[in-house]
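J.: Compute the structure for the input listed below.
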Amino acid sequence: MSTALWLLAVQGVLGAFDTLYYHEWKARLPAHVPGTRPELLLHAARDFFYALLFGTLPWLAWRGLWAAVLALVIAAEILITLADFVVEDRVRRPLGGVFPGERCTHAVMGILYGAVLAHLLPALLDAWHLPTQLAFAPVPLPEPLCVLLGLMAVGVFGSGVRDLAAALGVPGSHWPWPARPEVRP
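T.: Numbers count the residues shown, from 1 in each chain. Okay, the predicted model is just below:
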């Protein structure tokens, strides 16, 4: 499990870079609502799932039926990511398309997530055979990594709230970017 969490931390760093540099700085997705609404809704949903992963995996053991719930969370995240690959091509067309570097970042993140799953799924299968409980069972990791994963949980949750607010048209949610004219996918 510790290898999965180290890899998940690297995934989080790449995800933060992707969000801050490509989604916020270069594309300014929250400023292009309603055209970017479908992509922002997918990002928000995925962010909430990632917050759950970053926030629980270092400290909680998902056992028995809870292991099945965690497997469903992972499956849902994968389906959302696949949908995002399709939706972002359509949504970003009026903005000039998905940036080439962003596409490469997404590919690296997909490969890395496969490595995370290769280490996480065997532990999940073992946990399936245990009595059903969410047990406090900290993974033996260096404290700075635990703190980083906790901060990533908070950060990705905040990013999800921002994307959801922008998608729903909450006033001021495009800040700091000026609102742009409507972009149709």
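J.: now the residue lying farthest from the centre of the chain: how far from A67?
T.: In the chain, the residue that sits farthest from the middle, by C-alpha atoms, centre = their mean, is P131; the gap is 29.1 Å. As judged by C-beta to C-beta, to the nearest Å, P131 and A67 stand 11 Å apart. Any C-beta I mention is one placed from the backbone N, CA and C, and that applies to glycine too.
J.: repeat for A27
T.: When A27 is compared with A67 (using C-beta to C-beta), they lie 37 Å apart.
J.: neighbour count winner among the two?
T.: A27 (23 against 20; other C-beta atoms under 10 Å).
J.: Spatially nearest residue to the more buried one (excluding sequence neighbours)?
T.: L95 (5.9 Å; C-beta to C-beta, 6 or more residues apart in numbering).
J.: Just want the phi and psi numbers for the one you found.
T.: phi -90, psi 0 (degrees, to the nearest 10).
J.: What lies in contact with stretch 74-81?
T.: By C-beta atoms under 8 Å, 6 or more residues apart in numbering, the residues outside stretch 74-81 that reach it are 42, 45-46, 49-50, 53, 110, 117, 120.
J.: where in the protein is pLDDT low?
T.: 181-185 (pLDDT under 70).
J.: quick one: the strands in it?
T.: Taking DSSP state E, the strands of the chain run over residues 60-63, 133-136.
J.: wait, doesn't L65 sit right on T132?
T.: Yes: look at L65 against T132 with C-beta atoms under 8 Å: they come within range, at 4.5 Å.
J.: and for the two, which residues touch both?
T.: By C-beta under 8 Å, 6+ apart, no residue touches both L65 and T132.
J.: give me phi/psi at G96?
T.: Dihedral pair for G96: phi 100, psi 10, per degrees, to the nearest 10.
J.: Please determine how far it is located from T105.
T.: Taking C-beta to C-beta as the measure, G96 and T105 are separated by 17 Å.
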